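# model the structure of this input:
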Amino acid sequence: MIKLRGCVSGFVILASCLAFGQDRGGGWRTYRPNEEVRVSDLPSLTAHSRDLPDVLAASLEIIFHDPEICCGKNSALQDRALTADPLSLKEVGSKIQGRQLLSDGRPIHVTANFVAFSPGTDISYQIINALKDNHALLMVWDSHLYVVCGAVFDAVYYSDSNSTAYMIHTLLLLDARFSGGRREVVFNRDSDDGGKVQGVLLLTWAPQ
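Numbers count the residues shown, from 1 in each chain. I've put the predicted structure just below:
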């Protein structure tokens with residue numbers, strides 16, 4: 001784990017056990033190496049304590065950008081989010097997805113898409129496309145919660161299938177337990193243990 005500067009302001013490694021981009025066989029070439037994508041304008045929030053429910057609440061508030069949705073006082077998702085196991089992204093998603101009401105009665109719909117990290121499953125597209133759409137993601141790594149706010153990756157072309165893919169070098173993370181230098185963290189595909197990553201949770205919402 002290493003620190004990263006500047007995530008808030010503002011693999012040519014082929015996947016083996018952790019599929020951040022896979023070798024599909026046949027001819028391939030990197031045509032855009034070391035691209036970087038970051039989510040902009042994330043709020044600089046720190047959890048009230050280092051207890052997991054507080055870290056989850058702060059992380060969700062960073063992701064949703066709106067304390068009326070989560071997780072300010074009387075927010076739409078506060079009660080549901082805080083009853084979930086903070087280290088089970090699947091449970092967090094199931095608790096808060098669907099139709100919810102803001103404090104003034106306006107309905108919203110929350111969509112939760114949990115993707116587990118597992119051998120042989122390429123989830124690089126889901127991660128990169130979410131970040132390109134300016135959506136941060138929730139991630140559990142080594143029993144800690146992180147907000148995925150960016151990535152460094154290669155764009156790869158496969159000539160045998162005439163298709164493109166992403167191969168992720170690093171994920172840029174925020175740790176809501178801390179402020180300052182300890183807040184910004186990098187998951188490095190080369191040096192960090194992918195077996196300790198549970199998965200990612202993409203959360204989006206829209207008026208209903």
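
# give me the contacts around the biggest helix by length in the chain.
What stands out as the longest helix in the chain, according to DSSP state H, is helix 52-64. Residues from elsewhere that reach helix 52-64 (CB atoms under 8 Å, 6 or more residues apart in numbering): 42-43, 45-48, 67, 70-72, 77-78, 81-82, 84, 86-87, 92, 96, 135-138, 145-147, 174, 176-177, 203, 205. For glycine as for every other residue, the C-beta is placed from the backbone atoms N, C-alpha and C.

# now do the strands in this protein.
2-3, 28-38, 98-101, 107-116, 137-141, 144-158, 163-174, 184-188, 197-207 (DSSP state E).

# where does this structure dip in pLDDT?
For the chain, the stretches flagged by pLDDT under 70 are 1-26, 120-121.

# make it 50
1-19, 22-24 (pLDDT under 50).

# the residue sitting furthest away from the middle of it and residue 28, how far apart?
Distance from the centre of the chain peaks at residue 160, with 31.0 Å (CA atoms, centre = their mean). Distance, residue 160 to residue 28, by CB to CB, to the nearest Å: 8 Å.

# would you agree the residue farthest from the centre of the chain is in contact with residue 29?
No. Contact status for residue 160 versus residue 29: not in contact, 11.6 Å apart, counting by CB atoms under 8 Å.

# so how far is residue 154 from the residue farthest from the centre of the chain?
18 Å.

# measure the closest residue to residue 143 other than its chain neighbours to residue 184 for me?
Nearest residue to residue 143 in three dimensions, chain neighbours excluded: residue 87, at 6.1 Å (CB to CB, 6 or more residues apart in numbering). Applying CB to CB, the value for residue 87 to residue 184 is 21 Å.

# who has more neighbours out of those two?
Between residue 87 and residue 184, counted using other CB atoms under 10 Å, the more crowded position is residue 184 (20 against 14).

# quickly list what the more buried one is bridged to.
Listed beta-bridge partners, residue 184: residue 174 (assigned using DSSP bridges).

# tell me if I'm right that it and residue 150 touch.
No. Between residue 184 and residue 150 there is no contact, the gap being 10.0 Å when judged by CB under 8 Å.
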